[in-house]
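# starting from these lines, generate the structure:
(chains A, B, C and D)
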Protein chains: 2
Amino acid sequence: MKQDTSFDWHEPGLTIGQVAQRSGVAASAIRFYEAQGLISSDRTAGNQRRYHADVMCRLAMIEACQRVGLTLAEVGRALAALPPGQAPTSEDWDALAGRLRTEAQSRIDRLSEVLRALAPPA
Amino acid sequence: MKQDTSFDWHEPGLTIGQVAQRSGVAASAIRFYEAQGLISSDRTAGNQRRYHADVMCRLAMIEACQRVGLTLAEVGRALAALPPGQAPTSEDWDALAGRLRTEAQSRIDRLSEVLRALAPPA
DNA sequence: GTAGAACCTCAACAATTGTTGAGGTCAACG
DNA sequence: CGTTGACCTCAACAATTGTTGAGGTTCTAC
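Numbering: from 1, shown residues only, chains lettered A, B, ... in the order given. Here you go, the predicted structure:
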């Protein structure tokens, strides 16, 4: 059995400042997402956050989801479907991606339908 | 030449209550959209709102646009591109629809891209 | 072992997107 | 006319999604 989860738990972990810089997401927003349960972190003995690499994925996903009209609560529910606590597998991400794409596409379809009704064939 | 615009301007106009009931959008929201300049109304001598049929289209569009992540400000800018004040033609709606669909689709594409990066080929 | 940068929490503020309620007016019907 | 429901405005409140700042702690590098 593997006692680690394909991530380098050995690594010291990213500080919130490093994550902010690399992701382009403000540290305040990162803390906010964490408070909402969308992401999580380890803490040092001195109570500072340390992130694993997968947080970058989650942040990118959160931003992309918001851009297609999902609320943070909806993103949170989607992420909650991932296996709790541990590094998600490719299959986990894949299933999640499928659901999100479906949802987004159905919203687009709805918009298209409304727009088509607005511009009827002359 | 037609001196009206394919709408029945003769009609007394819909009250805000009628619009609310038929569209499913709360009267308070309708007033809010109007304050933001997304829709407009005539007023009776007694200052009450009277709407033309096209407001139903606009309301449906506003809702659908919000569902794909456009802010009211963005919807407003899109609607502002319609010929000011008068009943939009089919072509007007059509051009608008094209732009909105493009925007929405590009957001979906972005999400798909992020999700694909998240779930790499095993 | 200490200076300074980066971090912590918590509270207050801010923009967006509305809803609710008070207090007053309009319109439609008899 | 008078009544009654629908409407008006304006202000206050509320949820979401953050940002800012005060006041204090930790980490790193010298």
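# in chain A, where is pLDDT below threshold?
Within chain A, the ranges that satisfy pLDDT under 70 run A:1-12, A:84-86, A:120-122.
# most centrally placed residue in it?
Nearest to the mean C-alpha position of chain A, counting by CA atoms, centre = their mean, stands residue A:58 at 3.0 Å.
# alongside chain B, which residues does chain A contribute?
A:57, A:60-61, A:63-70, A:90-91, A:93-94, A:96-97, A:100-101, A:104-105, A:107-108, A:110-122 (CB under 8 Å from any CB of the partner chain). C-betas here are computed from N, CA, C, even on glycine.
# looking at these, which are in helices?
Counting by DSSP state H, the residues of chain A next to chain B place A:57, A:60-61, A:63-67, A:90-91, A:93-94, A:96-97, A:100-101, A:104-105, A:107-108, A:110-118 in helices.
# what does chain A have sitting close to DNA strand C?
Residues of chain A that fall close to DNA strand C, judged by CB under 7 Å from any atom of the strand: A:15, A:16, A:17, A:18, A:20, A:27, A:31, A:47, A:48, A:49.
# can you report how many residues neighbour residue A:46?
Residues near residue A:46, counting by other CB atoms under 10 Å in any protein chain shown, number 5.
# relative to DNA strand D, how far out is it?
Residue A:46 sits 2 Å away from DNA strand D when distances are taken as CB to the nearest atom of the strand, to the nearest Å.
# and that residue, that's in a helix?
No: when the secondary structure is assigned by DSSP: H, G, I helix; E, B strand; the rest coil, residue A:46 falls in coil instead of a helix.
# phi, psi of it?
phi -90, psi 20 (degrees, to the nearest 10).
# I'd like to know how far it sits from residue A:35.
In this structure, residue A:46 lies at 20 Å from residue A:35, with CB to CB, to the nearest Å as the measure.
# so residue A:59 sits against residue A:27, correct?
No: Residue A:59 lies out of contact with residue A:27 (CB atoms under 8 Å); the separation is 11.6 Å.
# these two - which one has more neighbours?
Set residue A:59 next to residue A:27 and count neighbours by other CB under 10 Å: residue A:59 wins out with 23 against 14.
# gap between the spatially closest residue to the more buried one that is not a sequence neighbour and residue B:29?
Counting by CB to CB, 6 or more residues apart in numbering or on different chains, residue A:59 lies nearest to residue A:23, which is 4.7 Å off, once chain neighbours are set aside. Taken as CB to CB, the spacing of residue A:23 relative to residue B:29 amounts to 35 Å.
# which one of these two has more residues nearby?
Applying other CB under 10 Å to residue A:23 and residue B:29 shows that residue A:23 carries more neighbours, namely 20 against 14.
# any of the ones in helices among the residues of chain A next to chain B buried? List them.
By the neighbour-count criterion of 16 or more other CB atoms under 10 Å in any protein chain shown, those include these buried positions: A:57, A:60-61, A:63-67, A:93-94, A:96-97, A:100-101, A:104-105, A:107-108, A:111-112, A:114-115, A:118.
# what residues does residue A:40 make contact with?
residue A:34 (CB atoms under 8 Å, 6 or more residues apart in numbering or on different chains).
# ok so it is a helix residue?
No: secondary structure assignment places residue A:40 outside any helix; it is coil (three-state DSSP).
# can you count the residues close to residue A:78?
Other residues within reach of residue A:78, judged by other CB under 10 Å, total 19.
# from what I can see it touches residue A:102, true?
No: taking contacts as CB under 8 Å, residue A:78 lies outside contact range of residue A:102: 11.3 Å.
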